[in-house]
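> Kindly generate the corresponding structure for this input.
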Amino acid sequence: MIVAHTFLAARRALAGTVGMVPTMGYLHEGHLACATAVRATSDCVVMSIFVNPLQFNDPSDLARYPRSWDRDLALAERTGVDVVFAPSVEEMYPEPPLTRVTVSGVTEGMEGARRPGHFDGVATIVAKLFAGIRPDSAAFGRKDAQQLAVVKRLVHDLNFPVAIVEVSTVREADGLALSSRNVFIANRKAALGLSRGLFLAADSAGAGERSGRTLEEIAGRTASRAGAVVEYAELADARTARRIPTLDRVAFLAIAARAGEVRLIDNVVLEPDGTADRGTRLDGPSILGGS
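The predicted structure is shown next:
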C-alpha cells in the first residue's frame, strides 16, 4: 500500500480504473465496506483521509474529532486499499479558498438548516478530490443520506464522470449505526433509541403506513423515551432530501438527536411499497470497541 500526501503523488500511484473512498479517518467497518464495494469494479482503490475544516461550524468540534493514523493505515491495508491519500491542510487549501461549491435545495433542511455551511464544505472537498484524483467511481454510505443526495446532485450538475456507489449503513450488533463519534457515547441506551425508533417506523411502513407525520412521530417518540433529545425526525425524498408528507417514492426517514453530549444522526431508506434498507449488522464487536 502506498501513502501519498500530494495530489501529484497520488495520481502517479494510480493505474487502471480507480475507485475512491473519501473519509475523515478514524475508520470503522462502514468505511471498509465502501472500500470493498468499489474494489469489485476497480483496478485500484484509493482512500482519502483528511479531516476537512470547512465541514465544521465549531472549531472545538474540529479539534475533538477522533484521529488514529497508525490504526487507520493498518485497517486500510488489511482491507486491500492500494493508495491512501492523506493530504495536509496546506495541500488541500494552499490559500484560504475564495471558491466554494454550494448545492442548493438538497442542503436546505435537516442537517443543512442546523449546521450552516456544513454542506458547502462537503461539496467543496468532494469536488476537489474528484478533480484532483479523477476516480471512475466513489463509494458513500447511506448512513449520511442527505450528504449522499448532495454528492449525487453535485456529480450530476458538474458532469463529473464518477459513478456514485451507495453502501448500506453498517450497524453494531445491537443496531447502533457506526460512526467515528460513537467512541464518545456514554449513554448507550439513549443512543440506541435512534435506531430502534427508525426500525419501529420501518415496521409500520411495512405494515402499510404511508403518512410521513406518523412515521416521524414513531421514530421521534421512541428515541425520546429512550432518553435521547431529538432535534428532528423527517421523511424526505431520497433524491432531493426535501421533506415529503407521504411515502410515495424512494425516501429516507432521518433522525438527529443528542445522546448525552454526543450528537448522532441515523436513517432508514424506505421504498414506496414499505420495504426498508435498515443496513447490515456486525456479527461481533465493532473495531471501534462497541457492542
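> For the most centrally placed residue in the chain, list the residues it contacts.
Nearest to the mean C-alpha position of the chain, by Cα atoms, centre = their mean, lies Asp144 at 3.4 Å. Counting by Cβ atoms under 8 Å, 6 or more residues apart in numbering, Asp144 makes contact with Ile265. The C-beta positions use only the backbone N, C-alpha and C, and glycine is treated the same way.
> Met47 now?
Shown in contact with Met47 (Cβ under 8 Å, 6+ apart): Met20, Val21, Pro22, Thr23, His31, Ala35, Ala76, Val81, Val83, Val84, Phe85.
> List the strands paired with the host helix or strand of the third one, with their directions.
Think Pro22. For Pro22, the host element (DSSP states H and E) is strand 18-23. Partners of strand 18-23 in the sheet, by DSSP bridges, are strand 44-49 (parallel), strand 137-141 (parallel).
> For this protein, which segments count as helices?
Taking DSSP state H, the helices of the chain run over residues 7-13, 29-39, 59-64, 69-79, 89-92, 110-114, 118-133, 145-158, 188-206, 212-225.
> per-domain residue ranges of the chain.
Domain assignment for the chain by automatic domain parsing gives 2-167, 180-281.
> so which of these comes closest to Gly289?
Of all the domains of the chain, domain 180-281 sits nearest to Gly289, with 7.0 Å by Cβ to Cβ.
> Provide a list of residues in contact with the closest residue to Ala177 other than its chain neighbours.
Spatial nearest neighbour of Ala177, excluding adjacent residues (Cβ to Cβ, 6 or more residues apart in numbering): Asp266 at 4.6 Å. Asp266 makes contact with Lys143, Thr169, Ala177, Leu194, Ser195, Leu198, Ala254, Ile255, according to Cβ under 8 Å, 6+ apart.
> Now do the same contact list for Lys189.
Going by Cβ under 8 Å, 6+ apart, Lys189 touches Ala226, Gly227.
> how about 10 Å then?
Residues in contact with Lys189 (Cβ atoms under 10 Å, 6 or more residues apart in numbering) are Arg196, Ala226, Gly227, Ala228, Ala259.
> Local confidence estimate at the first one?
What that stands for is Arg196. You'll see Arg196 listed with a pLDDT of 98.
> contacting residues for the residue lying closest to it once chain neighbours are set aside?
Residue nearest to Arg196 in three dimensions, not counting chain neighbours: Thr222, with 5.5 Å by Cβ to Cβ, 6+ apart. Going by Cβ under 10 Å, 6+ apart, Thr222 touches 192-201, 228, 230, 233, 255.
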